[in-house]
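Asks: This is a predicted model, with the sequence first.
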Amino acid sequence: MPHPIETPSATDFPRMLEVWEAAVRATHDFLEEHDIQLLKPLLIEQYFPQVQLSCIRGTDGNVSGFLGYAEGKVEMLFVDPQHHGMGIGRALLSNAVARLGANQVDVNEQNPKALGFYLSQGFAVAGRSPLDDGGRPFPILHLRLA
């Protein structure tokens, strides 16, 4: 089924934060509770305003997945775990590649599901950093569209 892609408004940010948190709790088991609580306020205050956002809504009208893009790179892609496997992430990523020219993405090395997803979408590992952007010991794999 096709997934219409929209640009979310600031009124969607609280729901997007809920999607982010649910997705992180489902896929980022290497993060501690204090890591999640540290990152949460940064999403609305800093991260969302720095990227071009797109989203897909569920039948209830609420955001079920979203993507943030900047300068050729997918900076964030999160889908509500209740909607995993429905093509939402694939639709958002395909749109970012086709419409925006996205050809890079970083993924936590400790998140094998996300890595597998990006590899299945034509990305390949191009490099590795032992620390994340915040200097924390969460290795990052740098992927490029093959």
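Replies: Right, received. Where do you want to start?

Asks: Now for the chain, the helix or strand with the poorest mean pLDDT.
Replies: Scoring the helices and strands of the chain by mean pLDDT, DSSP states H and E places helix 33-42 at the bottom, with a mean of 82.

Asks: buried stuff in it?
Replies: For helix 33-42, a neighbour-count test (16 or more other Cβ atoms under 10 Å) marks 35, 39 as buried. For glycine as for every other residue, the C-beta is placed from the backbone atoms N, C-alpha and C.

Asks: and the angle for the host helix or strand of Met16 with helix 33-42?
Replies: Per DSSP states H and E, Met16 falls inside helix 13-27. Counting by axes from the mean of the first three to the mean of the last three Cα atoms, to 10 degrees, helix 13-27 lies at 150 degrees to helix 33-42.

Asks: Pull out the buried positions in helix 13-27.
Replies: Buried, per 16+ other Cβ under 10 Å, within helix 13-27: 13, 15-17, 19-24, 27.

Asks: same check, this time on stretch 90-105
Replies: Neighbour-count burial for stretch 90-105, counted by 16+ other Cβ under 10 Å, picks out 90-97, 100, 102-103, 105.
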